[in-house]
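1. no FASTA, just this:
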């Protein structure tokens, strides 16, 4: 099963249980169309292990996503969070494997 990562709801950790810095990891992917892959787990009572995959969007797709985020925030009377705008540069997926295995 593969799921798109909700960066506001999920927290990740390494195989050793340390916090995984998702934003720093995905931002290492600099070129559109390039994919980064890292081993990780969703932090939960029973961790869901898998590979975290991030695809860098094109500049046009990034702009569209960020404009949509800003419009939605404005409509709600809010300001978008800076990390939300940074995450909007990527499609982040978690295709998970068997429980408790990398």
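-> Alright, I've got the coordinates. Fair warning: this is a prediction, and the values are worked out from it, not measured in the lab.
2. And for the longest helix seen in the chain, what's in contact with it?
-> The longest helix of the chain (DSSP state H) is helix 59-75. Helix 59-75 has contacts (Cβ atoms under 8 Å, 6 or more residues apart in numbering) with 32, 57, 79-80, 84-85, 88-89. No exception for glycine: its C-beta is placed from N, CA and C like everyone else's.
3. Now residue 4: phi and psi?
-> phi -80, psi 140 (degrees, to the nearest 10).
4. Which members of the contacts of helix 59-75 occur in strands, if any?
-> Assigned to strands by DSSP state E, none of those qualify.
5. Who are the contact partners of the residue lying closest to residue 20 once chain neighbours are set aside?
-> Counting by Cβ to Cβ, 6 or more residues apart in numbering, residue 20 lies nearest to residue 12, which is 4.0 Å off, once chain neighbours are set aside. Neighbour list for residue 12: 19-20, 22, 40-43, 52 [criterion: Cβ under 8 Å, 6+ apart].
6. For whichever strand or helix holds residue 40, name the packing helices and strands.
-> Assigned by DSSP states H and E, residue 40 falls within strand 35-42. Packing contacts for strand 35-42, counted by 3 or more Cβ pairs under 8 Å, 6 or more residues apart in numbering; DSSP states H and E, involve strand 12-13, helix 22-26, strand 48-56.
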